[in-house]
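Undergrad: Fold the stuff below for me.
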Amino acid sequence: MDDYDVFLNHRGPDVKGGLVAHLRDALRSAGLNPFLDKTSLVKGNQAFTSIDAALAVAKVHVAVVSRGYAESKYCLSELAAMMRSGKPVIPVLYNVEPAELRRVEKGPFAAAFKKHKSRETTEQVEEWADALRKLANITAFVFRLSDYRGDEAELKREVVDAVTSLLPSHGALLVKGHVFGLEEQVKICMHKVEAMSNATCLLGLVGMGGIGKSTLAKEIYNHCIHQRRYQATSFLKIDHSTPSSMEVGSGLLSKLQQQLLWDLMHVPHGSPQSYSYWFHKISKRGRVLIVLDGIQDKFLFENLILNTSSLAPGSCIIVTSRDHQLLRVTTRECSFYLHEVRLLGCEDSQKLFNWYAFGDKEAPKNFTPLANHVRKACGGLALALKVVGSNLFGKISKEDQESIWAEAAEALKGDVDVRKALKWSYDCLSPTEKLMFVDIACVFCGWKKDEAMKIWQSCKNCSSCCGNGTPHTSLRNLIDKSFLTLDNSSSNGGIMEMHGLLRDMGQDIGMVDGSHLWKGGAKRVLAKDKNHSSNKVRALNLAKSGEHKFAFEDFAIMDNLHFVILDGCNVSGNLEGISKELRFLQWREMPLTSLPSMLSLSNLISLDFSYSTKLANIWAQSGSSLEACPNLLTLKLYGCTSITTLPDSIGRLSRLQTLNLCSCTSLQKLPSSIGQLTALEHLGLLGCGSLEALPETITALSALRQLCLSRCSSISELPTTLGLLTGIRILFVDLGTESQALAIAQLNALEGVCATRCTDEAVDALDSSGTLINLHQLWGFKFVECPSMTKLPETIGLLTTLASLYLMLCDQVRELPNSIGRLKLLTDLTLSECRRLETLPDSLGALTSLQFLKIQRCPLFTKLPTSVGQLTSLRRLRMEGCGELRLVPHSLRQLNALEMLQIMDCGRLEGMGLFRALQGLRIWGCTSATELPGSCLVVVDSNFWSPASIWDRKQYLPWSWSLCDVKEVRVWEANDCGFLRHVEEDSESGRPILQRVHNLPCCYVAPPYKKQRRGAQ
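TA: Numbering: from 1, shown residues only. As a prediction, the model looks like this:
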């Protein structure tokens, strides 16, 4: 089913050949995808089934009511469905007056309704008449000779503008750090984009590394988002060096293609159709905005943007690159504008430097001359200003002024040289920090912090590692000095990220001093001189070296080798002569069927052979290779689809903490010796569909904390002694049988459970046994993709410690049990895509700790219980895609803790009261919300949580808001106007009341944001 933007409801004989056909063409010219049954039906589908499907997916409905409109019962049924849907409806009255819609028993519709009464049920006819009356209450476009002088073109333009303004916008991107001096460049670029709006345009942002190309691209992207210029958007950040970009089985290009199709058309991963097939359908999506941030080669661009003519007119592609010529050769067949990103001016440079050096736009008076001097040396380059400023932050004593600041000024004097400025900052690092910086630039960029930390910690007594006994402190110092950032949206301590210019500098440093041999440079060094700096080489990265063949003997004399990456490489020989200092070996997509022998790798911490689809034998049963790795902590065999079993000798890995066997689809059994892995904390078996059973010895894994058994379809029973795994905290499991249900109930220490493929058999087993009471530490319970489950356990109320309950794709569940009212510690309740869920029990009001309630895409959900007003702790309430929602209880007024209410696409909503205890009110397309007040009153605390991030595309993080201070609140609306201003103090609470100045029906609140400089007083 195509993702239609607009549904055109009309009676064909009256207007299809004229107005509606012209309107369809105009909507297409505006980059939209309209549904018109004559041209839009898919061959092979029943006509009216297709029309119903189009009604469901269209975001905006247009009802063209002509004088013969009511003669078609299909038109009337569509209209009734449109009014129920809750989506925006635009009435176009063609030679019809609004009053004639209110009195169908008279006027042009009388004869048709008289006929319908004789043939249809009374309820059906009344529903049609009610739909017309509701349509009459919506401001309409009325085509009269006096209004439009018979000019349908003018009417067409106004309808298209109205449709465009009602289409939802997309989420803005977070711009990290503080931004100065980009306003004028954004204005110039937007002017060029608007000037090329009749064709597909390409905007090239070119400039040296660190000048701010990515930041400018994000600002332009956000500007377009707020203007609602495009029907779909995608921002692709291209990083050529992180492990994710080298991941076998997909590769950088494949990952980017998947992300682009998902962003623009929601094409799921694994679609059987090719990228080319889907790309040529993008034009139906309407005008799109695509940002390619960091293009380095023509190949990548041409394989992402197959043909600019496949994009709808008015689409825009923004590309950032350091290469002028590259952008010029990629601009055929579209309008093109190349913008040279400028260095910051003196004033903006000084503000940015001061912000990172002093935490304020202004420098202390006694530091002003020195600050000006250092700023000049950075030459207006944003990255250099940020890094140098961060290295001087906190150094404000008189002694610092006379020593450190004076040294910086002296070292940076002379001609502007960005690398010189960054290198000075690097030179200020301690030896251990320098080594860690180069390690990250060459090996660990894109890694989870905790995984890299295990490797660094193993080097505590390593003389070649500068004796770094405090790796956590070293990493924190690098972050504080702006050499890298942590993306904390990930678990396990966050992902380490580094600016490309800093990464390049780190890799250059590693290559120059011979410590880190990196990809092409490593091949050249090995080919030229196999003895090159052999005693210095710490890291060797030969990933994706093509057809070049290597032998382990080539780097056997590298005595200090700590890290080796050989993804996709053809390497002969064995590992017996490799350095005993080796900590990390990654050889994904290994072309071998069995591992080469290893002699003595006593310091090896991490071994990764993922995606090696030919690998059938991990090692010989003699286990000599295992004896070489006594300190191994991590073994990753993800996607090794030829492995059928593991050797018995695996039990000798006595220190192993993580064993990842996910997607080993041919794995049939695990050896009993796996029970000897007494240090194992994480065991991943996701998608091991051939695995028939778990060995009984698995219960000996006393340290096991996380066990993943989801989609292990051949496992019907779990060991009856599973309860002996007293350390398991997190469990992912299929819950389809009685034995599976009773087995998990034995795990008394469980804190989180994600149950997939759950059945009523398992639910009944949990109820009859009452064993849920044993899970007295459980705080999170997820039911995901349980299509045959019709109910939750009645005994779920026994989980008295439960804080989070999550249901997704549980299609047969109609209601929740009353016992959920006993979950006194529940703070988060999410119900997503439960397509038969109708209501919540009255006991909902007993959840006195509930803070977040989210009901999403539950199309049969009809109402919230009145008891919702008793949720005294509720802070966020989000309802979306609940097509049968009829009313919102006035008891919501009692929710004094409520900060945000979001209601989107909620069908038959009939009325809303006046809410005063809300921080933001958004109602998208509730066309029959008759009691919505003319001016919306909003109560805002002085320190409230910004709802700006809830409109981000990353909707899996709906509640992570930023704390900020509010004085005036902007309101982004269809025409980007209106703001909330302070009106008065609430007499009862003393909190300020903000009143919306422009009485527009749909808005979201986005407060001004001032970042507090970390560490600033």
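Undergrad: how close does the closest residue to Gly770 other than its chain neighbours get to Val733?
TA: Of all residues not flanking Gly770 in the chain, Thr795 sits nearest, at 5.9 Å (C-beta to C-beta, 6 or more residues apart in numbering). From N, CA and C alone the C-beta is placed, and that goes for glycine too. Plainly put, Thr795 is 18 Å away from Val733 if you go by C-beta to C-beta, to the nearest Å.
Undergrad: When those two are compared, which one has more neighbours?
TA: A direct count of neighbours by other C-beta atoms under 10 Å for Thr795 and Val733 places Val733 higher, at 24 against 19.
Undergrad: Show me the beta-bridge partners of that one.
TA: Applying DSSP bridges to Val733 yields these beta-bridge partners: Ala755.
Undergrad: and it, what is it in contact with?
TA: Residues in contact with Val733 (C-beta atoms under 8 Å, 6 or more residues apart in numbering) are Leu707, Leu709, Ser710, Leu718, Gln740, Ile744, Val753, Cys754, Ala755, Thr756.
Undergrad: Give the buried residues for stretch 823-838.
TA: Burial within stretch 823-838, assessed by neighbour count using 16 or more other C-beta atoms under 10 Å, is assigned to Leu823, Leu826, Thr827, Asp828, Leu829, Thr830, Leu831, Ser832, Glu833, Cys834, Leu837.
Undergrad: Do me a favour and get the end-to-end distance for it?
TA: End-to-end distance for stretch 823-838, by C-alpha to C-alpha, to the nearest Å: 21 Å.
Undergrad: quick one: average confidence on that stretch?
TA: On average, the pLDDT along stretch 823-838 is 94.
Undergrad: what about the helices in the stretch 601-750 of the chain?
TA: 624-627, 738-744 (DSSP state H, counting those that start in this stretch).
Undergrad: just to revisit the earlier point, check the contacts of Val733 against Lys298 and report the nearest one.
TA: Ranked by distance to Lys298 (C-beta to C-beta), these are led by Ser710 at 41.5 Å.
Undergrad: residues in contact with the residue nearest to the closest one when sequence neighbours are not counted?
TA: Leaving aside its chain neighbours, Ser710 sits nearest to Phe732 (4.4 Å; criterion: C-beta to C-beta, 6+ apart). Neighbour list for Phe732: Leu686, Leu707, Cys708, Leu709, Ser710, Val753, Cys754, Thr756 [criterion: C-beta under 8 Å, 6+ apart].
Undergrad: for those, which one is nearest Val65?
TA: Distances from Val65 to those, taken by C-beta to C-beta, are shortest for Thr756, at 48.1 Å.
Undergrad: hang on, that closest one packs against Cys708?
TA: No: in terms of C-beta atoms under 8 Å, Thr756 does not count as a neighbour of Cys708; the distance is 10.6 Å.
Undergrad: Pick out the shakiest of the helices of the stretch 601-750 of the chain, pLDDT-wise.
TA: helix 624-627 (a mean of 61).
Undergrad: In helices, which of the buried residues of stretch 823-838 fall?
TA: Among the buried residues of stretch 823-838, no residue falls in helices (DSSP state H).
Undergrad: Just put these in a markdown table and tack on distance to Gly727.
TA: Formatted as a markdown table, the buried residues of stretch 823-838 follow (distance: C-beta to C-beta, whole Å):
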| residue | distance to Gly727 |
| --- | --- |
| Leu823 | 25 |
| Leu826 | 25 |
| Thr827 | 25 |
| Asp828 | 25 |
| Leu829 | 29 |
| Thr830 | 28 |
| Leu831 | 32 |
| Ser832 | 31 |
| Glu833 | 34 |
| Cys834 | 33 |
| Leu837 | 36 |
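Undergrad: out of these, who's nearest Ser50?
TA: Glu833 (22.5 Å).
Undergrad: measure that closest one to Phe781 for me?
TA: 17 Å.
Undergrad: got a list of what Lys434 touches?
TA: Taking C-beta under 8 Å, 6+ apart, one finds Tyr426 in contact with Lys434.
Undergrad: helix or strand for it, which one?
TA: Secondary-structure assignment from DSSP states H and E places Lys434 in helix 431-439.
Undergrad: Now do that helix, average pLDDT.
TA: Rounded mean pLDDT across helix 431-439 is 92.
Undergrad: Would you mind identifying the next helix or strand past that helix?
TA: Moving toward the C-terminus from helix 431-439, the next element (DSSP H and E) is helix 449-457.
Undergrad: Give me the angle between that next one and helix 431-439.
TA: 130 degrees (axes from the mean of the first three to the mean of the last three C-alpha atoms, to 10 degrees).
Undergrad: Show me which residues of helix 449-457 are buried.
TA: Lys449, Glu451, Ala452, Met453, Lys454, Ile455, Trp456.
Undergrad: how about the residues you listed in TSV, adding distance to Val64 and pLDDT?
TA: Shown next, in TSV, are these (distance: C-beta to C-beta, whole Å; pLDDT from 0 to 100):
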residue	distance to Val64	pLDDT
Lys449	58	89
Glu451	59	89
Ala452	61	91
Met453	64	91
Lys454	65	90
Ile455	66	90
Trp456	67	91
